[in-house]
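Q: With the sequence up front, the predicted model follows.
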Amino acid sequence: MEYRVFKNHIVARIDKGEEILEKIKEIAIKENIKLASVSALGATNDFTVGVYKVDEKKYDSNRFTGNFEIVSLTGTINTFHDEFYTHIHMSAGNDHGEVFGGHLNKAIVSATCEMIITKIDGNVDRYFDEDIGLNLFKF
């Protein structure tokens, strides 16, 4: 992975074999990011995404392997109890034009991943909401 900082924006290249969420965390901690938006595209050959079942308060996850183009990766970086936290969703398409996506659990880059992180001046922490079963923004 390599990246450059341009004022409030970070342009990153995540390389073949690297795991996307690990690299987001590495950048956020190194650059002391407390609040940001994330967007990216690229290619993956191994990813796991989940869908939250509100009634059951649990995620069901699906793992996909093969050749996939990341058509959308979007989310936030912020904090939970003042520690790094990220919430990322990803969609990826196969060679038949089928797209699969959800809450990103893991994604290994197969060729490259081009990412833009937009830092926001501020801090929004999270708290665990018992009723929903998720970590929500705390204002």
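A: Done, it's in.
Q: ok now the strand or helix carrying residue 42, how far from the chain's centre?
A: Residue 42 belongs to strand 36-53 when assigned by DSSP states H and E. Using CA atoms, centre = their mean, to the nearest Å, the mean C-alpha position of strand 36-53 is found 6 Å from that of the whole chain.
Q: Quick check, central residue of the chain?
A: Centroid-nearest residue in the chain: residue 88, 3.2 Å away (criterion: CA atoms, centre = their mean).
Q: Quick one, grab the pLDDT at that one.
A: Note for residue 88: predicted pLDDT of 98.
Q: Leaving out chain neighbours, which residue sits closest to it?
A: residue 75 (3.5 Å; CB to CB, 6 or more residues apart in numbering). In this view, the C-beta of every residue, glycine as well, is placed from N, C-alpha and C.
Q: That neighbour against residue 89, yeah?
A: Yes. The pair residue 75 / residue 89 is scored as a contact, 5.9 Å apart, by CB atoms under 8 Å.
Q: Those two: who's more crowded?
A: A count of neighbours by other CB atoms under 10 Å puts residue 75 above the other of residue 75 and residue 89, at 19 against 14.
Q: any idea how far the more buried one is from residue 104?
A: As judged by CB to CB, to the nearest Å, residue 75 and residue 104 stand 7 Å apart.
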